Each structure stands twice: as structure tokens, then as C-alpha cells.
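Asks: Here's my sequence, what's the structure:
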Amino acid sequence: ARMFGVTEFMSAEPTEKATTVSVLPGLVEDPEVPTSAVIESHDHEVAYCWDMRSDKMVWQAHAATILGLEPDRLPGTGDDYHTLIVDEHVQRRSAVTALSAENDLGSGVSYRITYRIAPHGPRSRDLVWVEDCGRWWAGEDGRPIQARGFIRIGEGISQLAITQAAADYDELTGQLTRLRLADALNAVMRRVGFDRFGEPGASFLMVSVNNLQRVNDTFGYDTGDQVIAEVGRRLRNSIRAGDTLGRYSANKFGIILAECSAEEVQQTAERLVATVAEKPVTTDGCKIAATVSVGAVLLPEQAETTDMCFGRVLRALDDARLRSRTSYAVYQPDEARDLRRTRTTQIAEFIDSAIEERRLDLQLQPIVWTKTRKPALYECLLRVDETVDGGYAPGDFIPIAEELGLASMIDKRTLQVATEMLRDHSWLDLSLNVSALTCTDHLWLADLGKRVRETPDIAPRLVIEITETMAATDIDEAAYFVDAVRDLGCRVAIDDFGAGYTSFANLKRIKADILKIDGSFVHNVLREKTDQVFVRTMVEIAQSFDMETVAEWVNDDETADFVEQLDVTYIQGFHFGEPVPIRSVIESRQRELSA
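Replies: Coordinates of the predicted model:
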């Protein structure tokens, strides 16, 4: 097949020395591929043709020399060539033919990619960067039929390729980034998956630097970074050529062990733990003793996908951290734990889609005046559109949302809906729950401030509820949040009071407006003397701090009469109104006005 000039298919930088090669023998010319041009060849470049239907590759005469291969190892097919490419870059070259054939208007679809090859085999440390430039052409069915291009090596690589290559590596440690590590793992899993019964298989290790946060807190992040970089260097020096090391997260490294038995995996893990711990890490400030824990997953038998592998190796790492004698653990199946994790993942996806599709909505439950039994305000309770199948109750997904850090997204949506309701209905007062995470979210406070400034009259009609647990856990953050909300003109309530451990000193410092007495002390108050004492005491405490009170779970008139005698300000419970859609509250109000 005829080759073509560099300038005809790429805007590549020309080099000074060039020769012309008009034909590469061995490929039958294809009438569907344009027959134009020649290829310019340089000292650091080699041309190739690739018949993608037969997978046959034909190279320029000096290809083996340029690529650093023995003449008998020059790849004759595309599959053979891919075996030279390091695992983290196999997908990069394979993805070239996934480009849209719509760009092939007779001139082909251009590509320019950078990757590394191992000319001396997968266990060699002599890796070579190459820049692969060319075009491929599609047949009538839109699928690639032929590619023509050249490979640059060494001094022939362009500055663009050098920049792209640098992006594959973590700046601090010099190891692969998480993205490239995942690509390498995917390539290895595909390879061992095709030969599921072959021996030996592969393994993936997750190595975590222990107590890094303590180092950061004590000596500063610069010292912590030096520890991370040195641990990465020691890990690299302790694994075999051909194994892959990458930085998974701040204090975690991932290692792919190719062609490694279960016994060798354990030996490697023990060697890694010992190598890191054998001598302190010397930093600018002092010497620090570093230790690591290692979790492992055996491939392909213990994981079928990259995501599954990451999830299971993290569980193995958790097990390793809990062990006192050894810092290594291989993944062990746990059906109950796997089911919990699967359910958590499903709920996380449900929350994300519900927010994205705006299916999160509010229902209102009245909080009534104790003396008149008329609604004083309404608590906003989160619900999801029930017309969509496969949903979860708030009691199922709210704890998961808080655990995964998704509660702030939910609270932003509920704030939007609540403030719009207050803006549209001047007779309405609302109480809105927020998560502990939102109490530390300054963006949520900024959003509240923006909405109050746009519609100032909503502020005195909005109560923000925080839990007693949050108030007791981080008193400084709680006090700051409460002060900020009250400065905007809104009121603050402490929800479920009595279920936690808030001290009188904390209650004084928080300066809330309303104390909601936990329903567990109210629903049996007529029969339990201790509950009566407790409720009476909480009312007296609230009054001493000029706070109003709400008795929760009031489910009959007798209980309502009793807490009224204790001078409770408001009562709340199904007996005085269950949560109902917003439209039902609005329609009820309209009927009252028209009566």
C-alpha cells in the first residue's frame, strides 16, 4: 500500500533530515483507501501500514532497529504490537479506532498518541516512550479497515507528546496517576480473564501509609508529602520489573502484580511492609518511622471488573489495619457485608438520580399551638416522587446520604423548595431540618443568605433545625452555624433534645430559639414517672434560656393536655396531622379563607 507524506495527514513538526519511501511491500492495495502520497522518514521515525481486517502489519525496513527490537521480534500483527505496550497505555492505542468515522471524508481519521513500549519484554525495566501519528480509513460499514502512520522515538518525539507523557504521573511521587493505574488494571484483568484457568494469575495490592494524618497534624503537610514520596520510592524498588505502581489517593498506592501466585503475593506484601518499616524516613525536619498496611485481591477469581477489584481490595485493606500481628490481608468474601455495600451503592445511585431528576420533594406536618391546637408552623419532611418505582423511604436513604456526604446536596434542594414556598405564601411558617454536614457547609449558608436578601420577609417565618447530636459533637461549629442563621433573621431549633448528651453549658452557648423534646420521652409520659420528670425538667431548662418548646410524638388528647399543664409551647404528632403534600396544605388554607 502506498504511504503518504507527513504534511498530508498531521500538522507535525518537520525534521531536518528526511528520506522518501514510496511503497511498503506486503499489503494488497485497497481501492477503498486513497492512493496518495509518500512518507517522510527520519532517524527517529519508522513508518508502518496496518491492514486492520487481517490484523497484518508491515513496517519500514529499519523498523526493528528504531524500535530497539531483535529482527525476529518485529510484530507482524496489531495484536503482536500491543504486547509491546505497557499495560497502562494499551487502552490508549486501542481507543484510536473508536474515534468517529464521520470525520473520514476520504482523507481518513487522524490520530496522535503517546505511550510506552517494553522492547525487551514485560519484565524489563528498559521502557521507551513513543509518539504514534497516523490516519485510519473506514470501509463502507464505517469500521476501520486500514491505518497508515509512523512512530517517533527519542529525540523525534514532539513537545506535545512530552507534555502528554508527563500528565500520566503523579507530581509528588512520580508514580502513575489513579486514572492510568485503573487503565493498567483493566488491561491486566482483561488479559487474565481471557485465560481464566491459566497459571499463575495476577493480583492487585492496595498499600496504605498508616497514621499519615497524624504526621500532617504534627509536622505539617510538607513533611507528610516527603513521607509519601519516600514510601513510593521504596515500594517501587521492592517490586519486580513489569509490575505496576500508581498512587491511588493521598495515602494509598496501588500495585499490580502480573503472573504472580497466591504464595508470591503474600511474600511480596510482607516484603513491602518490612521494606517501608526497616528504617525511618528522613525529612527536612526530623526522622519519622513510617509503616504501611496491605490489602490484596487475587485475579481473576476474586474480582470480575475494575470497580469490583477496587472495592474489594479496600475491604481487604480495612481488615489488614485491624490485625495486630500482621499488616497484610487478602480479600475474604463476606456475603452480609457485600449485600450492605451493594445496597449502599444502589441507594447512592437512587439519591443522585432523584436529585438530578428533581424528584425530591417536601411534605408538611403541622406543629400546633398547645393551647389552641391550631397550626403554628409546618415541619418540612423529605419525600421522593412515589410514582417512580424502585424508591426508598427517607429512613433508608437519609443515613446513607449522610455517610456518603450526599446530605448537603439534599439540603440544598430542600432549602430551594422551602424558600420558594415561603415566598409564594406569606401566611406560611416552615421548619427545615439540616444535616450535620450542612452545618459546616458555608456555601449552604451563603445560599440561605442570598435567598433571605432577595425576599427578606421569609426569614422570620423560617426555622432551621439541627440535631442535638451535632450540637454536642462540635460545639464550636454548631455555635457558629446557629449565630449565622440567627443573624439572617431566621430562628433555630434543636431537634430530638434528650437523645444526646448536650450539657447546660453547651445549651447556653448555642443560643437556639426552640427546644424540641425527643418523642421517646413523650409518647409514654402519662404512664412513666421518669419521663414526666424528664419532660418537666427540660421545659424548665428551656424557659431559663428563653427558649420555646415542642413536644414530639403527641398522639392523643390526654398527652396533649398533660404537656399543656407543663407549659410546653407547641405539640407535634400524627394525632394533630400527618405529613401531607404541599398542595393539600395550600388547598386547606384556601378553604378556610373562603369559608
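Asks: Which residue lies nearest the spatial centre of the protein?
Replies: The centre of the chain sits closest to Leu404, judged by CA atoms, centre = their mean, with a distance of 9.7 Å.
Asks: now it: how far from Phe397?
Replies: 10 Å (CB to CB, to the nearest Å). Where you see a C-beta, it was placed from the backbone N, CA and C, and this is true even at glycine.
Asks: same question, His120
Replies: 54 Å.
Asks: Between these two, point out the one with more neighbours.
Replies: Legend: neighbour count by other CB atoms under 10 Å for His120 and Phe397, higher for Phe397 (23 against 17).
Asks: what about the residue nearest to the more buried one when sequence neighbours are not counted, how many residues close to it?
Replies: Residue nearest to Phe397 in three dimensions, not counting chain neighbours: Ile347, with 5.0 Å by CB to CB, 6 or more residues apart in numbering. Burial measure for Ile347: 20 neighbouring residues, criterion other CB under 10 Å.
Asks: Confirm that Ile347 sits in a helix.
Replies: Yes: judged by DSSP: H, G, I helix; E, B strand; the rest coil, Ile347 forms part of a helix.
Asks: I'd like the numbering to begin with 54 instead of 1 from here.
Replies: In the new numbering, first residue 54, that becomes Ile400.
Asks: Run the chain-centre distance for stretch 482-493.
Replies: 24 Å (CA atoms, centre = their mean, to the nearest Å).
Asks: now do the same end-to-end measure for it.
Replies: Start to finish, the residues bounding stretch 482-493 are 25 Å apart (CA to CA, to the nearest Å).
Asks: List the buried residues for it?
Replies: Asp482, Leu483, Ser484, Leu485, Asn486, Val487, Ser488, Ala489, Leu490, Thr491, Cys492, Thr493 (16 or more other CB atoms under 10 Å).
Asks: So what does the second one look like in phi/psi?
Replies: What that stands for is Leu483. In terms of degrees, to the nearest 10, the main-chain angles of Leu483 are phi -130, psi 150.
Asks: I figured it hits Glu473, correct?
Replies: No: with contact defined as CB atoms under 8 Å, Leu483 does not reach Glu473; the gap is 10.8 Å.
Asks: and after whichever strand or helix holds Ser461, which helix or strand comes next?
Replies: For Ser461, the host element (DSSP states H and E) is helix 460-477. Next helix or strand after helix 460-477 toward the C-terminus (DSSP H and E): strand 483-486.
Asks: Check the gap between Ala595 and Ala531 for me.
Replies: 17 Å.
Asks: wait, doesn't Thr602 sit right on Val592?
Replies: Yes: counting by CB under 8 Å, Thr602 does reach Val592; the two are 5.5 Å apart.
Asks: Quick check: nearest residue in space to Val143, chain neighbours excluded?
Replies: Looking at Val143 with CB to CB, 6+ apart, the closest residue is Ala240, at 4.4 Å.
Asks: oh, I was asking about Ser406
Replies: Per CB to CB, 6+ apart, closest to Ser406 is Arg412, 7.7 Å.
Asks: The one you found against Val437, yeah?
Replies: Yes: with contact defined as CB under 8 Å, Arg412 reaches Val437; the gap is 5.5 Å.
Asks: How far off centre is stretch 269-287?
Replies: 24 Å.
Asks: and Ser163, how many neighbours?
Replies: Applying other CB under 10 Å, I find that Ser163 has 17 neighbouring residues.
Asks: so what secondary structure elements neighbour the helix or strand encompassing it?
Replies: Assigned by DSSP H and E, Ser163 belongs to strand 162-170. Packing partners of strand 162-170 (3 or more CB pairs under 8 Å, 6 or more residues apart in numbering; DSSP states H and E): helix 140-147, strand 181-191, helix 212-219.
Asks: looking at the ones you listed, which is closest to Cys433?
Replies: Closest of these to Cys433 is helix 140-147, at 47.3 Å (criterion: CB to CB).
Asks: Would you mind getting the angle between the closest one and strand 162-170?
Replies: On the basis of axes from the mean of the first three to the mean of the last three CA atoms, to 10 degrees, helix 140-147 is oriented at 160 degrees to strand 162-170.
Asks: and helix 140-147, what does it pack onto?
Replies: Counting by 3+ CB pairs under 8 Å, 6+ apart, helix 140-147 packs on helix 131-135, strand 162-170, helix 231-247, strand 297-302.
Asks: TSV for those, including mean pLDDT and distance to Lys569?
Replies: TSV is the format used below for the helices and strands packed on helix 140-147 (pLDDT from 0 to 100; distance: least, CB to CB, whole Å):
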stretch	mean pLDDT	distance to Lys569
helix 131-135	93	65
strand 162-170	91	61
helix 231-247	89	44
strand 297-302	95	40
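Asks: okay if I get the ones you listed as TSV plus distance to Ile463?
Replies: Formatted as TSV, the helices and strands packed on helix 140-147 follow (distance: least, CB to CB, whole Å):
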stretch	distance to Ile463
helix 131-135	46
strand 162-170	42
helix 231-247	28
strand 297-302	26
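Asks: how about these, which one is nearest Asp278?
Replies: Taking CB to CB as the criterion, strand 297-302 is the member of the helices and strands packed on helix 140-147 that comes nearest to Asp278, at 11.7 Å.
Asks: Pull the distance from the following helix or strand past the closest one to the chain's centre.
Replies: Counting by DSSP H and E, the next helix or strand C-terminal to strand 297-302 is strand 305-310. Between the mean C-alpha point of strand 305-310 and the mean C-alpha point of its chain there is a distance of 18 Å (CA atoms, centre = their mean).
Asks: who does strand 305-310 pair up with?
Replies: strand 255-262 (antiparallel), strand 297-302 (antiparallel) (DSSP bridges).
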